[in-house]
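J.: the amino acid sequence is not available; the structure is as follows:
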């Protein structure tokens, strides 16, 4: 792990992530996110956008793909209801010599390295955790570590994006933070052609017929605003293909079983009747 020193305090930095993710379809959303990060004048600063949508629609994939378009190192922080300010910034840890050392979070590492920080499922964090990020998300662009007493400024190339799920298990974002997380980019379910592309990207070993069966199931569910996502569709197809290998049965014959095992019996009503 890389180390750096700020005002005499040594920090161990986190490593960037390498993920096998590729954004498929909806190129306009990619352009919107990249535009939000653009700097068009020396007095301009990048936005800190938020990606909003139902679970499984590809918010993290979109953020990662945009970061790779910029050819920047990508750092990921998974937010939870237990996330503390020190988790977001600098944490004290016990080193091999039994002495206290300081570990910079993935956020701080991205700030110092000029990378992109994806704060995943940010609306699971409490207001106390969000408050520690307030100066980073405006034109001050720094964070303060209570643990070390350091004020850490972001590199000019640092970019920030937060993903937020539309579900009940989340906190309301404080208004003073809400106004800093702009613009909001909404990701909806893809259309049938794009959904088929995504399934092919993730399951290149699957036959076209089973993928079309799954897309038909998903589109019927989307039409009545069910939460079933393309991620669910990938899991359904993958399980049906595994069962095909295990039993020798046809994929379509196994699709109801896969749907029931992945999503529950109530989802069977969205399968097209024979």
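T.: Thanks, I have the structure now. For clarity, every value in this text was computed on a predicted model and none was experimentally measured.
J.: and residue 225, how many residues sit next to it?
T.: 8 (other CB atoms under 10 Å). Backbone N, C-alpha and C define where each C-beta goes, glycine included.
J.: give me the three-state assignment for it.
T.: coil (DSSP: H, G, I helix; E, B strand; the rest coil).
J.: hey, which helix is longest across the protein?
T.: helix 230-247 (DSSP state H).
J.: list of residues touching that one?
T.: For helix 230-247, contacts defined as CB atoms under 8 Å, 6 or more residues apart in numbering pick out 55-58, 189-190, 195, 198-199, 202-203, 205-206, 210-211, 214-215, 217-218, 249-251, 254-255, 257-259, 261-263.
J.: mean confidence (pLDDT) on it, please.
T.: The average pLDDT for helix 230-247 rounds to 92.
J.: and for stretch 102-113?
T.: pLDDT averaged over stretch 102-113 gives 96.
J.: and the strands in the stretch 1-150 of the chain?
T.: 3-6, 9-12, 50-53, 74-78, 90-94, 100-104, 116-120, 142-144 (DSSP state E, counting those that start in this stretch).
J.: wait, a strand at residue 198?
T.: No: using three-state DSSP, the secondary structure at residue 198 is helix, not a strand.
J.: let the chain start at 124 from now.
T.: Got it, first residue is 124 now, which makes that one residue 321.
J.: ok, now which ones touch it?
T.: Here residue 321 is in contact with 147-148, 181, 313, 353, 357 (CB under 8 Å, 6+ apart).
J.: I'd like to know which of those is nearest to residue 278.
T.: residue 181 (27.6 Å; CB to CB).
J.: rewinding a little: run through who's touching the very next helix or strand once past the longest helix of the chain.
T.: Note on helix 353-370: by DSSP states H and E, the next helix or strand toward the C-terminus is helix 374-386. The contact list for helix 374-386, computed with CB under 8 Å, 6+ apart, reads 330, 332-333, 336-337, 340, 351, 355, 358-360, 362-364, 366-367, 370, 390-391, 393-394.
J.: show me which of these are buried.
T.: For the contacts of helix 374-386, a neighbour count by 16 or more other CB atoms under 10 Å gives the buried set as 333, 336-337, 340, 351, 355, 358-360, 362-364, 366-367, 390, 393-394.
J.: so how far is residue 321 from the residue positioned nearest the centre of the chain?
T.: For the chain, the residue nearest the mean C-alpha position is residue 183 (2.6 Å; CA atoms, centre = their mean). Residue 183 sits 14 Å away from residue 321, taking CB to CB, to the nearest Å as the criterion.
J.: over to residue 329?
T.: Relative to residue 321, and taking CB to CB, residue 329 is found at 12 Å.
J.: residue 202 too?
T.: 25 Å.
J.: next: residue 273.
T.: 42 Å.
J.: and residue 345, by the same measure?
T.: 13 Å.
J.: roughly how far is stretch 136-144 from the heart of the chain?
T.: Relative to the centre of its chain, stretch 136-144 is centred 12 Å away, using CA atoms, centre = their mean, to the nearest Å.
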